[in-house]
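Participant: Below are the sequence and a predicted model for it; my questions follow.
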Amino acid sequence: MTDHTTASSAPGADDAKTTDHTDPSAGPEHTGHPGHSGHPGHPGRSGGDVDVLVVGSGPTGLLAATELLRRGVRVRVIDRDTEPMHVPKALSLWPRAIDVLDDLGLGDGLRKASVRVNAWSYFSERRPLASFQMPAEYASRSLPQYETERLLTERFHALGGKTERGVRLLAVDDIDYSGRIDATDGVTAVLEHHDGVVERVRVPFLIGADGAGSAVRGQLGTGFEGSTYEMAFALVDTHVEGDLPADEIRFYQASTGTLVIVPMPDGVFRFLCVLPSGGPDVSVEMMQKLVDERGPRGITLTDPVWQTVFRVHARHATDFQRGRVFLMGDAAHVHSPAGGQGMNNGLQDAHNLAWKLAAVIHGDSPSSLLHDYGAERAHITRRIVRDTDMQTRAWMAGSRAKVVTRDALFRLAERTGAATRFYAPVMAGRRLAYEVVRATQLPSRRSHCALRGRLPGGLRVGSVFPRQVALAHEMSGPEADPSRWTLVAVTPDGRGAWLDDLHRIAERRGQLRLLPLRRSELTAFGACRETHYYLVRPDGHIAAHGHERDLAHLEAELDEVLLVRSP
């Protein structure tokens, strides 16, 4: 429930005016941009005036475009809707997604416009069941989707970008289904403008961020595997009379279904439930009846802001990428609103792909780097679909045995603190880790590092490098270079002859910075006792880890992800 949709056909297009912006003579010559040396013949930048076409201007598409633009990539954004969205839709922003927005300089505005959710409380047949306090570092924030889009749009415009509205995608030609980036120099998009003009434009790369009914996905012919829940959900956003906590999500579980109440800015609350079978359509009156039957007493719904009915799907694309065309956000995956992960997952799709595209387009990295996008994001999406499905089915527990089991598990989680210690960090995105795919990403010999890395929150390949350390050393944050890799060298005192070897390795790569650290700075995160390194990607994830004897591994891994600087 996060991204705008784009139609896939246009009646009467044969009679429309046509413009052709393709250039059959344009080769893959890289023109470079300030700070990049350029690699002629690299499969990134074409001779046109656009490097990447983004279809869809929801949060995912806007973030992808903004991340690309701030890295010097020429971006064009289109959306079939003539006006921005004005309904709340997705609300939750979890800490990892907030990190991404912080790095764009949006943190202050985001926190000012949103409310922090400090607790999740559960009730069974109106009786208190369990309450889980969220530590500040794991707490989500509630912000209507149109506000997230507003913040991203303002940043996008400040960087010189614009959204072309009333433009829809009709077709994508010249897709290479072999999956090879260098098999072609781009694809041709056929676009229809609101005035009937049909345009053909050649672009090196195309991103489909155009929602669950994605026209881009339809053009790729990739499947959308999964299922649809049998029931429909009713949603009412409204002001209320009565006392509800403004920083707490409440789950009122009953044999007839679950009622969820989510705080929003400006004193608005979201009421969400399964639509009663055979009952009336969603309305304030219908929701008030459910609140009176199973929700908090003394609450009156007064001034509705938005109401809707929707069906919940658990689906993901069979391929997130084909050749030079990529899917992200709802175009790539949809799942239950349980846990509020949908928009966050889409934002992290955009964050994952944007730096890779920029690196390939500027000639800093080989085109093979782009193949990691689909594998990494599909792995994370499968886990999220599984987890949200489990939460949704817990909402729908109807039999006496299932209710007793569910309630016992909630009480146990509260009593032991397990939910706060283990589940909250997962929801917050602090346990997010991509899979290891190459032996060169790991030390050549096993050590206690491997065991430490398996502990919850431990430093391991694929996970995010500790945020507070990254901020302290300008690896992350609004002032950090968004295209730079960091080779973190950890020694007892931050010095040593080994650093000279690392310096020689780093200076051969155009976007690699060497950062010596004392071991004490990482002790709290389970760092090895041995002298070691972490290779950290521009998006903050650890790409590789090794020890003093593993420099051959390091150089082999760098050959996979970064091109050698031209003399």
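Facilitator: Okay, I see it.
Participant: all strands of the stretch 251-400 of the chain, in order?
Facilitator: 257-263, 268-274, 300-317, 321-322, 325-327, 333-334 (DSSP state E, counting those that start in this stretch).
Participant: From those strands, pick the one with the highest average neighbour count.
Facilitator: strand 325-327 (a mean of 29; mean count of other Cβ atoms under 10 Å). C-beta here means a position set from N, CA and C on the backbone, and glycine is covered the same way.
Participant: partners of it, with directions?
Facilitator: strand 205-208 (parallel), strand 321-322 (antiparallel) (DSSP bridges).
Participant: Which one, of these, ends up nearest to Arg508?
Facilitator: Closest of the strands paired with strand 325-327 to Arg508 is strand 205-208, at 27.4 Å (criterion: Cβ to Cβ).
Participant: what is the rounded mean pLDDT of that closest one?
Facilitator: For strand 205-208, the mean per-residue pLDDT is 98.
Participant: what's in contact with that strand?
Facilitator: For strand 205-208, the surrounding residues in contact (Cβ atoms under 8 Å, 6 or more residues apart in numbering) are 51-56, 61, 64, 172, 186-187, 189, 214-217, 220, 324-328, 331-332, 353, 357, 361.
Participant: quick revisit: how about the strands paired with strand 325-327 in TSV, adding distance to His86?
Facilitator: What follows is the strands paired with strand 325-327, written out as TSV (distance: least, Cβ to Cβ, whole Å):
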stretch	distance to His86
strand 205-208	24
strand 321-322	32
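Participant: for those, which one sits closest to Lys112?
Facilitator: strand 205-208 (29.7 Å).
Participant: what's next to the next helix or strand after the closest one, contact-wise?
Facilitator: Remark: after strand 205-208, the chain's next helix or strand is helix 215-220, criterion DSSP states H and E. Residues outside helix 215-220 that contact it (Cβ under 8 Å, 6+ apart) are 5-8, 55, 168-172, 175, 206-208, 210, 224, 317, 319, 322, 325, 327, 331-332.
Participant: Please repeat the previous calculation with a cut-off of 6 Å.
Facilitator: Residues from elsewhere that reach helix 215-220 (Cβ atoms under 6 Å, 6 or more residues apart in numbering): Thr6, Ser8, Val55, Leu169, Val172, Gly208, Asp210, Arg322, Val325, Leu327, Ala331.
Participant: Narrow the contacts of strand 205-208 to those in helices?
Facilitator: Among the contacts of strand 205-208, the members found in helices (DSSP state H) are Gly61, Ala64, Ala215, Val216, Arg217, Leu220, Leu353, Leu357, Ile361.
Participant: of the contacts of helix 215-220, the lowest pLDDT goes to which?
Facilitator: Scanning those for pLDDT, the low point is Ser8. It has 35.
Participant: wait, which of the contacts of helix 215-220 is closest to Leu535?
Facilitator: Leu327 (27.8 Å).
Participant: List the residues that contact that closest one.
Facilitator: Gly208, Arg217, Ala317, Phe320.
Participant: count of residues packed around the last one?
Facilitator: Using other Cβ atoms under 10 Å, Phe320 has 27 other residues around it.
Participant: sorry, back to before: could I get the strands of the stretch 251-400 of the chain in CSV, plus columns for distance to Asp237?
Facilitator: What follows is these, written out as CSV (distance: least, Cβ to Cβ, whole Å):
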stretch, distance to Asp237
strand 257-263, 9
strand 268-274, 5
strand 300-317, 4
strand 321-322, 36
strand 325-327, 29
strand 333-334, 21
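Participant: picking up where we left off before, closest to His313 out of the contacts of helix 215-220?
Facilitator: For these, the nearest to His313 is Ala331 (12.9 Å; Cβ to Cβ).
Participant: Wait, the closest one touches Ser214, no?
Facilitator: Yes: if you go by Cβ atoms under 6 Å, Ala331 and Ser214 touch, sitting 3.6 Å apart.
Participant: Restricting to C-alpha, output stretch 341-360 in PDB.
Facilitator: The C-alpha trace of stretch 341-360 is given here as PDB (Å, rounded to 0.1, in the frame of the first residue of the first chain):
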ATOM      1  CA  GLN A 341       7.000  -3.000   7.000                       C
ATOM      2  CA  GLY A 342       5.800  -2.300   3.500                       C
ATOM      3  CA  MET A 343       7.000   1.200   2.800                       C
ATOM      4  CA  ASN A 344      10.200   0.500   4.700                       C
ATOM      5  CA  ASN A 345      11.000  -2.500   2.500                       C
ATOM      6  CA  GLY A 346      10.400  -0.400  -0.600                       C
ATOM      7  CA  LEU A 347      12.700   2.400   0.700                       C
ATOM      8  CA  GLN A 348      15.400  -0.100   1.300                       C
ATOM      9  CA  ASP A 349      15.000  -1.500  -2.200                       C
ATOM     10  CA  ALA A 350      15.700   2.000  -3.500                       C
ATOM     11  CA  HIS A 351      18.600   2.600  -1.200                       C
ATOM     12  CA  ASN A 352      20.200  -0.800  -2.200                       C
ATOM     13  CA  LEU A 353      19.900  -0.200  -6.000                       C
ATOM     14  CA  ALA A 354      20.600   3.500  -6.300                       C
ATOM     15  CA  TRP A 355      24.300   3.500  -5.200                       C
ATOM     16  CA  LYS A 356      25.000   0.400  -7.300                       C
ATOM     17  CA  LEU A 357      23.500   2.100 -10.400                       C
ATOM     18  CA  ALA A 358      25.500   5.200  -9.800                       C
ATOM     19  CA  ALA A 359      28.700   3.300  -9.300                       C
ATOM     20  CA  VAL A 360      28.200   1.400 -12.600                       C
END
